[in-house]
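*Asks:* Quick check, what structure comes out for this input:
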Amino acid sequence: MTAAPLRIGTRASELALTQSGHVGAALVDGTGHETELVHVSTHGDRDRTSPLAQIGGTGVFVTAVRQALLDGEVDVVVHSWKDLPTAPLAEITLACTPAREDPRDALCARDGMTLAQLPAGARVGTGSPRRAAQLLRARRDLEVVGIRGNVETRLNRALGPDADLDAVVLAASGLRRVGKDAVISELLPVEVMLPAPAQGALAVEATTAALDEAPWFAPRLDAVDDAATRAAVTAERSLLRALEAGCSAPVAAYAQLEEAAELASGGARVLHLRALAIRPDGSHVVEGEARVALDLAEDALSGPDSVPAA
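*Replies:* Numbering: from 1, shown residues only. Here you go, the predicted structure:
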């Protein structure tokens with residue numbers, strides 16, 4: 001097994017292939033071990049018109065890829081971490097987490113307009129209940145339109161020759177990974193639109209058995225693991241699990257590591273978590289934040305998504 005390329009299972013969309021390619025390149029740089037991408041078709045990719053909530057949430061992008069891993073067709077799989085169900089599988093382990101890309105949401109509007117510059121009644125597209133609710137909270141006068149499709153399809157709804165929308169909102173991380181920074185008219189501040197738990201982060205999974213049976217395997221994956229990203233995103237997703245909310249629910253969470261010097265807390269690093277739950281129409285929100293010393297957070301969050309539902 002060690003002589004053969006490491007097989008990386010991935011969805012076949014442009015964004016998924018790009019993300020998995022970045023992971024593969026990082027593994028080559030960090031370990032010298034060659035990799036190859038293996039395309040896996042998912043139900044979510046085949047049905048690009050139905051709202052995600054009607055076809056099983058963003059988990060529809062995960063099931064087939066995980067099955068390829070369990071069937072031994074690939075050695076590891078790469079996901080957008082926010083797409084993963086919060087309940088862990090005993091047979092699969094979160095093997096590593098590369099450094100996070102920008103977690104913010106990006107407004108892509110005609111004529112380069114910002115959110116504040118959009119006219120009353122402007123039509124803004126998104127497939128995310130979280131984004132829709134926060135858009136309406138910020139601008140009650142907007143018309144939010146549900147959209148599906150790959151990155152290019154969604155961008156064309158606002159920026160293409162047959163555009164029928166004034167703007168769309170997408171994850172900044174996805175746009176940057178496929179080299180489309182230029183279409184971003186505004187990076188929405190987290191004070192205006194708090195990101196989805198794990199937005200901008202990738203999750204690399206392997207079977208628990210493979211990690212247990214092959215002593216060389218885990219150290220190679222450790223070469224691309226980023227401890228700060230893992231701690232922050234695990235906190236965000238633990239909150240999602242504690243709320244018993246799905247990955248498409250209008251719930252947002254964003255955690256950052258802060259140096260103690262900023263907080264005069266005696267030298268320990270601190271995990272700062274902000275979160276909110278919001279009605280789909282943006283009319284009511286519950287939000288809060290907390291800070292905890294990183295060593296205490298790591299004890300509480302030992303293991304993927306380990307906080308039990310309250």
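
*Asks:* Helix, strand, or coil at Arg131?
*Replies:* When states are read from DSSP: H, G, I helix; E, B strand; the rest coil, the local structure at Arg131 comes out as helix.

*Asks:* which non-adjacent residue is nearest it?
*Replies:* Leaving aside its sequence neighbours, Arg131 sits nearest to Val169 (C-beta to C-beta, 6 or more residues apart in numbering; 5.0 Å). Every residue, glycine included, has its C-beta placed from N, CA and C.

*Asks:* For that neighbour, pull up the helix or strand it's in.
*Replies:* With the criterion set as DSSP states H and E, the secondary-structure element containing Val169 is strand 167-171.

*Asks:* per-residue confidence averaged over that strand?
*Replies:* With pLDDT averaged residue by residue, strand 167-171 scores 98.

*Asks:* and what of stretch 237-253?
*Replies:* Stretch 237-253 comes out with an average pLDDT of 85.

*Asks:* How about stretch 63-74?
*Replies:* The pLDDT scores in stretch 63-74 average 94.

*Asks:* Can you get me a residue count around Glu36?
*Replies:* Other residues within reach of Glu36, judged by other C-beta atoms under 10 Å, total 12.

*Asks:* Ok, Ala210 next?
*Replies:* 18.

*Asks:* ok, so what distance separates the residue nearest to Arg131 from Ile278?
*Replies:* Noted for Val169: a distance of 15 Å to Ile278, by C-beta to C-beta, to the nearest Å.

*Asks:* Settle it for me: which of these two has more neighbours?
*Replies:* Set Val169 next to Ile278 and count neighbours by other C-beta under 10 Å: Val169 wins out with 27 against 23.

*Asks:* which residues touch that one?
*Replies:* Contact partners of Val169, counting by C-beta atoms under 8 Å, 6 or more residues apart in numbering, are Asp105, Ala106, Leu107, Cys108, Val124, Gly125, Thr126, Ser128, Arg131, Leu135, Leu188, Met193.
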